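> Test case, fold it:
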Amino acid sequence: MTTPTLFNLAFTLAAPFWALLILAPGWRWTDRIAASPLPMVPVLAVYLALAVPVFPQLWAAVSRPDLAGFQELLRLGGGAGAIWAQVIAWDLFLGQWMYREARELGIHPLVMGPLLVLSVLLSPLGVLLFLGIRAGARRRLRRPDAAPPRHVAPAPAPAPAEQHT
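Prediction:
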């Protein structure tokens, strides 16, 4: 595969998982997929396909980071593509974490949908906003009068003790 094809493939492989997180929150399969590291594996395979041919330059840029080294790496198609695939995989990891945290804390999907879209496009901004919302949700849940999040199933009642007669 060519470098441009692999570059485009990185996001194409991640997009269906983002669509699930944003458009199908609470669906049983979305929850299962969000809890799995497997959605990142194809994107990481693209990363490897792009990174291996430019590994000496990639290693030089990350082991002795300076701006000129990264600029040189990004001039290489495979270098820019590898960095892109790494960002796509990392963003998906963050999106899955944000989704799970939001579900646990009862943050409404109508809040999380736009936040996840922002995270796809500009993950540092999306994550910063999420951290603020998450802090507020945690504070709300610590209040003595707080109700548990609606989506969390109540704990099963303990089984009645057997009576010995």
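> only C-alpha atoms for contact and neighbour calcs from this point on.
Will do.
> For the protein, which residues score under the pLDDT cut-off?
For the chain, the stretches flagged by pLDDT under 70 are 146-165.
> Mind naming the longest helix for it?
helix 77-105 (DSSP state H).
> Packing partners of that one?
On a contact count with 3 or more Cα pairs under 8 Å, 6 or more residues apart in numbering; DSSP states H and E, helix 77-105 meets helix 3-23, helix 28-34, helix 40-51, helix 67-75, helix 109-121, helix 123-142.
> Please identify the most buried of these.
Among the helices and strands packed on helix 77-105, helix 40-51 has the highest mean neighbour count (mean count of other Cα atoms under 10 Å), at a mean of 20.
> got the angle for that one vs helix 3-23?
Interaxial angle, helix 40-51 versus helix 3-23 (axes from the mean of the first three to the mean of the last three Cα atoms, to 10 degrees): 160 degrees.
> angle of helix 40-51 against helix 77-105?
Going by the same axes, to 10 degrees, helix 40-51 makes 160 degrees with helix 77-105.
> Off-centre distance for helix 40-51?
Centroid separation between helix 40-51 and its chain, computed with Cα atoms, centre = their mean, to the nearest Å, is 16 Å.
> Likewise for stretch 24-36?
On Cα atoms, centre = their mean, the centre of stretch 24-36 falls 13 Å from the chain's centre.
> ditto for stretch 93-103
Taking Cα atoms, centre = their mean, the mean C-alpha location of stretch 93-103 is offset from the chain mean by 6 Å.
> Any chance you could list what contacts it?
By Cα atoms under 8 Å, 6 or more residues apart in numbering, the residues outside stretch 93-103 that reach it are 18, 21, 26, 31, 34-35, 37, 40, 108, 112, 116, 119-120, 127, 130, 134, 151-152.
> what's the answer for stretch 17-26, then?
Contacts of stretch 17-26 (Cα under 8 Å, 6+ apart): 30-31, 33-34, 39, 92, 95-96, 99, 103, 109, 112-114, 116-117, 120, 151.
> try 7 Å this time
30, 39, 99, 109, 113, 116 (Cα atoms under 7 Å, 6 or more residues apart in numbering).
> and the closest residue to the first one other than its chain neighbours, how far is that from residue 113?
Spatial nearest neighbour of residue 30, chain neighbours left out: residue 20 (5.9 Å); criterion: Cα to Cα, 6 or more residues apart in numbering. Using Cα to Cα, to the nearest Å, one gets 10 Å for the distance from residue 20 to residue 113.
> re earlier: roughly how far does the residue nearest to residue 30 sit from residue 111?
Note on residue 20: its distance to residue 111, by Cα to Cα, is 15 Å.
> and what of residue 135?
From residue 135 to residue 111 the distance is 14 Å (Cα to Cα).
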